[in-house]
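>>> starting from these lines, generate the structure:
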Amino acid sequence: MGTQKGSKLNWLAKHLPEGMPVDSAWLSSHGYTANLLRKYEASGWLVQPTRRVYLRPRGPLAWQQIVVSLQTLLARDLGVGGRTALELQGYAHYLQQGTPTVYLYGPDKPPTWLTDLPTDASFAYRNAGRLFHKHRVSTAPHSLEAGPPSDKQQAGTIVQPWGPWNWPLVLSSPERAILELLDELPDHESFHQADMLMEGLSTLSPRRLQTLLADCKSVKVKRLFFFFADRHKHSWLRHLDRGAVDLGKGKRMLVKGGRFDPKYLMTVPGDLDGVQ
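Here you go, the predicted model:
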């Protein structure tokens, strides 16, 4: 999409909000040459937070601005998931200390410049196709106009308005996010944290859970989900058809020196309170 020379700055002012990073390929596709970008940078109208990335300056760069820009302006199929999605929806008992890790899920890796941006978080990418057969993240429509959560929740994603302009931030629903978090056990998340999170998930949708569990590729994740769900006896559990969920065969050793759970054929920590 090109623009007339005299209106290029006006077009950017309208279509590139302050604080939203875009790469040089996006600008080039809209007719902005390297020479013109250098002029905008020299005048202070654009800044380069890292090589090949430009934005209209607006204070410190929050990670949400980066992700919203990836999902909308740059049309990347990436969603916020796992622990990050649960925290954003108020389910975490305590937030991560220090620099938070933002978990991004999608079929393709984010651009390499993502980790070079000066922001208040680090990013961890996970391939959504490794955990689910069908339910890839969907960020369409690629627009900065946020709307209320829609039937996209059926695929495990919701849209959460962020910031003073209510920019749309696409993230995993709680039903999907807890499965993504369980996939991180035991190397990147703890059993204790997963147990506390599951305790607070009393309002999950059995319909969405059933769909996501049936679609989940990981036997470990599905067994862990039912193990923690049994411990907390949530009302939605009785509405799930366990027989429709493939829990695989054979034993799984998740922790050394733990306690073997005969129901789900896996070794779990022996010091979890209330393990039966």
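>>> strands of this protein, start to end?
22-23, 47-50, 53-55, 79-80, 101-106, 122-127, 157-162, 167-172, 252-253, 259-261, 266-268 (DSSP state E).
>>> for the fifth one, name the packing helices and strands.
To tie it back to what came earlier, the one meant is strand 101-106. Taking 3 or more CB pairs under 8 Å, 6 or more residues apart in numbering; DSSP states H and E as contact, the helices and strands that strand 101-106 lies on are helix 63-71, strand 79-80, helix 82-88, strand 122-127. (C-beta placed from N, C-alpha, C; glycine too.)
>>> please convert those to a markdown table, extending it with mean neighbour count, distance to residue 235 and mean pLDDT.
What follows is these, written out as a markdown table (neighbours: other CB atoms under 10 Å; distance: least, CB to CB, whole Å; pLDDT from 0 to 100):
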| stretch | mean neighbour count | distance to residue 235 | mean pLDDT |
| --- | --- | --- | --- |
| helix 63-71 | 24 | 33 | 95 |
| strand 79-80 | 28 | 28 | 95 |
| helix 82-88 | 25 | 20 | 95 |
| strand 122-127 | 16 | 30 | 96 |
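>>> out of these, which is closest to residue 258?
When these are compared for distance to residue 258 using CB to CB, the nearest one is helix 82-88, at 22.1 Å.
>>> by contact count, what packs against the closest one?
With contacts taken as 3+ CB pairs under 8 Å, 6+ apart, helix 82-88 sits against strand 101-106, strand 167-172, helix 174-182.
>>> quick check: mean pLDDT across the last one?
Spelled out, that is helix 174-182. When pLDDT is averaged along helix 174-182, the result is 97.
>>> who touches the lowest-mean-pLDDT helix or strand in the chain?
Within the chain, confidence by mean pLDDT, DSSP states H and E is lowest for strand 252-253 among all helices and strands, at a mean of 90. For strand 252-253, contacts defined as CB atoms under 8 Å, 6 or more residues apart in numbering pick out 219, 220, 223, 265, 266, 267.
>>> quick check: bridge partners of the fifth one?
In this case it means residue 266. Residue 266 forms beta bridges with residue 252, residue 261, as assigned by DSSP bridges.
>>> just give the number of residues close to it.
Look at residue 266: counted by other CB atoms under 10 Å, it has 21 neighbours.
>>> thinking again about what came up before, a markdown table please, covering the helices and strands packed on helix 82-88 and showing distance to residue 52 and mean neighbour count.
Below are those laid out as a markdown table (distance: least, CB to CB, whole Å; neighbours: other CB atoms under 10 Å):
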| stretch | distance to residue 52 | mean neighbour count |
| --- | --- | --- |
| strand 101-106 | 19 | 24 |
| strand 167-172 | 23 | 25 |
| helix 174-182 | 30 | 27 |
